[in-house]
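**Student:** mind folding the following:
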Amino acid sequence: MYFCYISRMHNYCKKRRKLSVLITSIIIVLIVFISSVIRYDQEKDELLKFQDGRLQQMFTSSVQVKTAENKSSRYQSNLRSIKNSISNISPNRVDLTGANLSHIFISVKTTSQNHQRRLQLLLNTWIMYAKTQTYIFTDNFDNSLDESFPGHLINTNCSNDHNRRSLICKMGYEFDHFILSGHRWWCHVDDDTYVNVVELVKLLGTYKHTEDWYLGRPSLDHPIEVIDHLHRGQKLAFWFATGGAGFCISRALALKMVPYAGGGRLQRAGDQIRLPDDCTLGYIINSVLHRELTVIDRFHSHLEPLGRISPPDIRSQITFSYNRRKNRINIVNVPGFSEDIDPTRFWSIHCHLYPLSNECLSHPDR
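**Tutor:** Numbering: from 1, shown residues only. So this is what the prediction gives:
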């Protein structure tokens, strides 16, 4: 009897030892796996920072060469404008976790004739919630705007017309300032766009800036096809995110774009396809670098029927636009102020999102 008991205990202990060894082995494997993942991410981040430094050196040297070749007063004014704006941008510490508002560089493209007509509306609404992260790119200096938005008004000295070269000129400045800023994300919008800042931050928090991301919404349901003017008889087909709805580009992807878009090279790419700025960026990303556009249907431009956005869905959308030209009214269907008071519906959207904000509670027409 005693022998049987000892034998059973021995078998039991033997099984316990085997189980203990198995559990220990699993724990060791998990620790090794997690350590390797963390080490891979750290190495990837270090590589990104190394590439960032190398490309910034390359970009800076290209600007210096360009400065030596261009002694005109207009170019010197452009360079001073860049240096002044860069001095007001602080590079953020890079890590791999999520995103918050301080990680985002938001550029708004406008023109001097829209400073009062369009831009002031944005300054009074959504820009108030992203003032430190937002930079205005225009074509003429505005003393009153510079005083109310110091250090964030960038005078590009580009032409104030709406042809493709003028648009690309401004977009090139936006791209260069983002590269030099050190931020994780670049988000571009036009001066007729309202940005739901909260949802924008949430969206970018679901993607890694150390990976190649091109987020936006195309205005076409098929790739655009154009003639390649550098290679006679050939055509190019690519997707692009329409600038009117806004788009965002991760830092990792932007660094890969520097040889094709940085330091004034964006204009050369635009001349190859002879299309505007948003198309040119799409060409570089989709056709040259072979990176895909990730479609975010919560970006909206005036090229779609905005009235289809129902009031319950407004809070979850990221950008909005409007169009009231030549008796063609295309606006968001949102309750609030009358159309006489709020023809763009931006104030109504803003107070729908922030009903208890000071600017909404104190609005004279509330």
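
**Student:** neighbours around the nearest residue to residue 296 once chain neighbours are set aside, how many?
**Tutor:** Closest residue to residue 296 apart from its sequence neighbours, by Cβ to Cβ, 6 or more residues apart in numbering: residue 215 at 5.2 Å. Placement of C-beta: from N, CA and C, glycine included. Number of residues near residue 215 (other Cβ atoms under 10 Å) recorded here: 22.

**Student:** contact partners of the helix or strand hosting residue 215?
**Tutor:** Using DSSP states H and E, residue 215 maps to strand 214-216. Under the contact criterion Cβ atoms under 8 Å, 6 or more residues apart in numbering, strand 214-216 has outside partners 203-204, 207, 241-242, 245-250, 253, 285-286, 291-296, 299.

**Student:** show me where this protein has strands.
**Tutor:** 104-109, 134-138, 153-155, 185-190, 194-195, 214-216, 224-227, 235-238, 247-250, 294-295, 319-320, 323-325, 328-330 (DSSP state E).

**Student:** now for the nearest residue to residue 127 once chain neighbours are set aside: which residues touch it?
**Tutor:** Among residues not flanking residue 127 along the chain, residue 134 sits closest, at 5.2 Å (Cβ to Cβ, 6+ apart). Contacts for residue 134 (Cβ under 8 Å, 6+ apart) come out as 106-108, 127, 152.

**Student:** paired strands for the strand holding residue 215, with orientation please.
**Tutor:** strand 247-250 (antiparallel), strand 294-295 (parallel) (DSSP bridges).

**Student:** contacting residues for residue 105?
**Tutor:** With Cβ under 8 Å, 6+ apart, residue 105 has these contacts: 133, 135, 177-178, 181, 183, 185-187.

**Student:** is it in a bridge, and if so with what?
**Tutor:** Beta-bridge partners of residue 105, as defined by DSSP bridges: residue 186.

**Student:** still on that earlier bit, for residue 366, which of the strands paired with strand 214-216 is the nearest?
**Tutor:** Among those, strand 247-250 comes nearest to residue 366, with 32.7 Å by Cβ to Cβ.

**Student:** list the contacts of that closest one.
**Tutor:** 104, 184-188, 200, 203-204, 207-217, 241, 257, 278, 281, 285, 299.

**Student:** now tell me which helix or strand of this protein has the poorest mean pLDDT.
**Tutor:** helix 73-86 (a mean of 43; mean pLDDT, DSSP states H and E).

**Student:** count of neighbours near the closest residue to residue 228 other than its chain neighbours?
**Tutor:** Once flanking residues are discounted, residue 228 sits nearest to residue 234: 4.3 Å by Cβ to Cβ, 6+ apart. Counted with other Cβ under 10 Å, the neighbours of residue 234 add up to 9.

**Student:** and the gap between residue 234 and residue 276?
**Tutor:** Distance of residue 234 to residue 276, given as Cβ to Cβ, to the nearest Å: 21 Å.

**Student:** one more: residue 100?
**Tutor:** Applying Cβ to Cβ to residue 100 and residue 276 gives a distance of 32 Å.

**Student:** which one's more surrounded, those two?
**Tutor:** Neighbour comparison, residue 100 and residue 276: the larger count goes to residue 276, with 20 against 12 (by other Cβ under 10 Å).

**Student:** domain parsing for the chain?
**Tutor:** What automatic domain parsing lists as the domains of the chain is 46-296, 300-366.

**Student:** which of those has the lowest average pLDDT?
**Tutor:** Among the domains of the chain, domain 46-296 carries the lowest mean pLDDT, a mean of 84.
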